[in-house]
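Asker: need a 3D model of the following:
(2 chains)
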Amino acid sequence: MSSLRHLPMVALVGNPNTGKSTLFNALTGLRQRVGNYPGVTVARKSGQCDCGEGVKVELIDLPGLYSLSAASPDEQIVIDVLSGHVAQERRPEAIVVVADATNLLRNLFIASQLAELGLPMAIVLNQADVAEKQGLKIDTDLLSKRLGGIPVVLTSAWKGEGISQVRKAIATVLKQKTLMTQMVWPVELKEAFGKIAEKVQTDTRQTPLVASLQRLLFDTAPNAAERLHWPIHQREGVIREARDQVRRAGYNPLAAEPLIHYAHLRKILDGVVSGGLARALRSAAVDRILLHRVAGPFIFTSIMLGLFASVFWLAKFPMEWIQAGVDALKGVAAPALVQYPMLQSLIADGVIAGVGAFLVFLPQILILFFFIGILEDSGYMARAAFIMDRLFSWCGLNGKSFVPLLSGFACAIPGLLSTRTIEDPKARLATAFAVPFMSCSARFPVYALMCAAFIGPLYGPGWESIVMVGMHLIGLLFAVPTAFVLTRFVLRIRPQPFVLELPRYQLPKPRDVLWRMWQNAAEFISKAGTVIFAITIIVWALCYFPQNTQLADKIRAENPTLSANEVQLRAQAAGIEQSWMGRFGKAVQPIFDPCGFDWKITVGVLASFPAREVIVSTLGITYSIGQDAEADSQDLRQAMQQAKWTEGERVGKPIFSLAAVLALMVFFALCSQCGPTIATLAQESGGWKWAAASFFYMTFLAWVMAVIVYQVVIRLT
Amino acid sequence: MTLESLIIFFLVGAAVGWLVKRAVQSFKARQNGGCAGGCNCSTKVRPPRS
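Answerer: Alright, predicted model coming up:
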């Protein structure tokens, strides 16, 4: 960070999702530094940008925000940096506002507010290619003239178009120090600002920025006053008086700011933007159907059912090919290592069986993310957020909770990190508590294994997708009442309004969809080659040792007609029960017995506490050791279908009955089985108290629900 | 101890060591305020080099 301090600092500011970070990457290339702002967990991204003609700057990419009245940690840091209120951080010498060219009115609102900070400014209208496709025409010269002559540049950052013009604009703005024309406030409001300014100077001996005065007048949150160290007893009277003055002038103090800014911006944009109306009307017509109070949720559920049905149907053959490849590899490796039984077992029963059982789900992951990519790119996901928000709003969760909860369906960690956008700390905590309930992609292989091995063969492919959707909804069904109790009775918070921008519908870009597929596939394969690989070795060792050398002799003595290979296999099967893992599993199994789990499932469940998907490879090992390593028909699904209880009341009955399969899936849907999620929850909630509460609550709930499901279904079937 | 046992001992030891090292690195990364990765999220933040 320190090596760039000699360069002038320029800040990139803008609404979320304007392509700001893409532009930042294009301007700085690989010369980036990532750290944190002091005292807060908000990332500080900076890099060196060469603007040509010998001008070099330190460019900082500030978190996205919609207005200066925001109060979330991410948004507050933007205001503090631009006002020069962050310790060890310089105030930027200029601002580059990145705006979405397809929605200038909303995007220039922040620019209009920032103009009052008195910093030189340039405006980048990004996503120019999308605007062009929508038939929008933007007169940048006219816009620049109306904004006081500041540089206005059209770019398409993801295509790398217009980047050199942005560099030139930065150089120009630093040289000419051009300020954006400030909005002229009505006289009554100016007087109200003046009164507050006078009192601030008297009480705090500080001269506040015009932007700070606006925050004091318009915001209900006390952030601006706290920044000025202006105590409530001193400010209360004057602010109330100033707001009364605004009311007498015919303005609502809480709504005046956006109304006046938008009126000002409409005048500026009059004649600057033209075209694109037909497309907007088409989007609105489609929304009337997709967002309909009754039809909307019905269409959403149908899309989800269709998605999972397609995932199973399309992935069937590629999965069989991968399984055949895994079996073939096992068939080659096992005979080659026959001289070394221990190494043979490690490679064939441990690594190949464990990693192979996990890798078989790669086609489903690819197809799942292909469809998710299409839904996101087309603009439907934002509509899904809107539909689902109705469900959340009644349970007291903040409207902004939806985005973290939606992210939680991919992975809880980004979901937890995105709770930082929620201003109210209590609402942030309630949302963070609900996020791990969302069915993340790590649960997917568990559901897929159970559905493919039991639900599909028993009840047909239609039920596979119904169970799959059910498992994805079950977390949601428990998250809602949990959040209700937490928000109403424990944290006592009130719901807050939620603003969601609905993007226009568009045809998904194949490149983006394929890129998303590749990213997820790469992550999945990398996990198989690293974490899963390492864990399979350890699980294998725990299942293999200690070796009882007398076991084979005993079996041989009892069955003298058996071949050497058969003796070895029987010895391995008996050996796993006497292994460390077997002993541990059998000791703990009584806890999970009411859920219908045998000791092998128990071992899988316990091994999955660091990461859920480990159960697939663990079952792959526990059901592989003792099987004929050279037989090509013994994949995990078949081994599980054939597994039977060997002792107790259920002896001879299948271990994986419908009741046990559903109980296992419900357990995985609700249990807190992810080390990084717990650690991130502790970090985001500021301590281990809430993380521990979440862990014990979810795990206990999962156990109780698994017991209920098993006991009810076993009696009904 | 046979060569086979030595190889097994080495592989299991390396797997345990690697997982422990990874867990420590993730813990440190999270302490620096970012996601330690491994979740395919777009908010991967690496800790600043000291």
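Asker: tell me the domain boundaries of chain A?
Answerer: Under the assignment automatic domain parsing, the domains of chain A span A:2-176, A:187-250, A:295-490, A:524-716.
Asker: out of these, flag the one nearest A:Asp287.
Answerer: Shortest separation from A:Asp287 across the domains of chain A is recorded for domain A:295-490, at 7.0 Å, computed as CB to CB. Every C-beta, even on glycine, is put in place using the N, C-alpha and C of the backbone.
Asker: and that closest one, how far from the chain's centre?
Answerer: Distance of domain A:295-490 from the chain centroid (CA atoms, centre = their mean, to the nearest Å) equals 13 Å.
Asker: now the terminal residues of it, how far apart.
Answerer: End-to-end distance for domain A:295-490, by CA to CA, to the nearest Å: 35 Å.
Asker: now the domains of chain A in TSV, with mean pLDDT?
Answerer: Below are those laid out as TSV (pLDDT from 0 to 100):
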stretch	mean pLDDT
domain A:2-176	85
domain A:187-250	84
domain A:295-490	84
domain A:524-716	85
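Asker: can you put those domains in JSON lines and add distance to chain B and mean neighbour count?
Answerer: Output for the domains of chain A, formatted as JSON lines (distance: least, CB to the nearest CB, whole Å; neighbours: other CB atoms under 10 Å in any protein chain shown):
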{"stretch": "domain A:2-176", "distance to chain B": "4", "mean neighbour count": "20"}
{"stretch": "domain A:187-250", "distance to chain B": "21", "mean neighbour count": "16"}
{"stretch": "domain A:295-490", "distance to chain B": "3", "mean neighbour count": "20"}
{"stretch": "domain A:524-716", "distance to chain B": "4", "mean neighbour count": "19"}
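Asker: nearest to A:Lys509, out of those domains?
Answerer: Of all the domains of chain A, domain A:295-490 comes closest under CB to CB, at 6.1 Å.
Asker: okay, and the beta partners of the residue lying closest to A:Ser21 once chain neighbours are set aside?
Answerer: Closest residue to A:Ser21 apart from its sequence neighbours, by CB to CB, 6 or more residues apart in numbering or on different chains: A:Asp61 at 5.9 Å. Taking DSSP bridges as the rule, A:Asp61 bridges to A:Leu12, A:Lys45.
Asker: thought A:Asp61 was touching A:Gly19?
Answerer: No - in this structure A:Asp61 lies outside contact range of A:Gly19 using CB atoms under 8 Å: 11.4 Å.
Asker: show me what the helix or strand harbouring A:Leu82 is packed against.
Answerer: Secondary structure from DSSP states H and E places A:Leu82 in helix A:73-83. Judged by 3 or more CB pairs under 8 Å, 6 or more residues apart in numbering or on different chains; DSSP states H and E, the packing partners of helix A:73-83 are strand A:9-14, helix A:223-227.
Asker: can you list those in JSON lines and add distance to A:Leu681?
Answerer: Output for the helices and strands packed on helix A:73-83, formatted as JSON lines (distance: least, CB to CB, whole Å):
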{"stretch": "strand A:9-14", "distance to A:Leu681": "30"}
{"stretch": "helix A:223-227", "distance to A:Leu681": "26"}
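Asker: so which of these is nearest A:Leu143?
Answerer: With CB to CB as the yardstick, what comes closest out of the helices and strands packed on helix A:73-83 is strand A:9-14 (15.8 Å).
Asker: any idea of the angle the closest one forms with helix A:73-83?
Answerer: Going by axes from the mean of the first three to the mean of the last three CA atoms, to 10 degrees, strand A:9-14 is angled at 140 degrees with respect to helix A:73-83.
Asker: which is the next helix or strand following strand A:9-14?
Answerer: With DSSP H and E, the next secondary element past strand A:9-14 is helix A:20-28.
Asker: now what about that next one, what contacts it?
Answerer: Contact with helix A:20-28 is made by A:12-14, A:32, A:45, A:47-49, A:59, A:61, A:64, A:98, A:124, A:126, A:155, A:157-158, A:160, A:163, A:166-167, as judged by CB atoms under 8 Å, 6 or more residues apart in numbering or on different chains.
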